[in-house]
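> test case, fold it:
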Amino acid sequence: MSKHSDRRERREEYHSMLDAELAQERGFIDRVVAAIDRKGVDIAPDGREIRADYWRYIASRQKTDGQAARAALHLVQRAVNSLRVRRA
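Numbers count the residues shown, from 1 in each chain. As a prediction, the model looks like this:
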């Protein structure tokens, strides 16, 4: 399998995992916050690190499943709005 098709397949598996987690709102929000804490890195279903790109996920789901895209956008916004700046 070529490098690009391997990446595409891995990304699609990651997006499928995110689809499954949308039903668990709190878990999805925690995943977004954890990815922000790790400077944009999330954990893929295979256990390896993957760059968290929620905007690409939302864009890919807008074409096929608009409801999932709107739910993901809403939960990402809730996650970002829940963050507070730590003062030293």
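
> show me where pLDDT drops low in the protein?
For the chain, the stretches flagged by pLDDT under 70 are 1, 88.

> in it, where's the longest helix?
If you go by DSSP state H, the chain has its longest helix at helix 3-21.

> quick one: contacts of that one?
With Cβ atoms under 8 Å, 6 or more residues apart in numbering as the test, helix 3-21 has contacts from 1, 27-28, 31, 42, 44-46, 50, 56-57, 60-61, 65, 68, 72. (C-beta placed from N, C-alpha, C; glycine too.)

> so after that helix, what's the next helix or strand?
As assigned by DSSP states H and E, the chain's next helix or strand after helix 3-21 is helix 25-37.

> how about the very next helix or strand once past that following helix, which residues are buried there?
Downstream of helix 25-37, the next assigned helix or strand under DSSP H and E is strand 41-43. For strand 41-43, burial by neighbour count (16 or more other Cβ atoms under 10 Å) applies to 42, 43.

> work out the gap between the following helix or strand past strand 41-43 and the centre of the chain.
Using DSSP H and E, the helix or strand that follows strand 41-43 in sequence is strand 49-51. Computed by Cα atoms, centre = their mean, to the nearest Å, the chain-centroid distance of strand 49-51 equals 10 Å.
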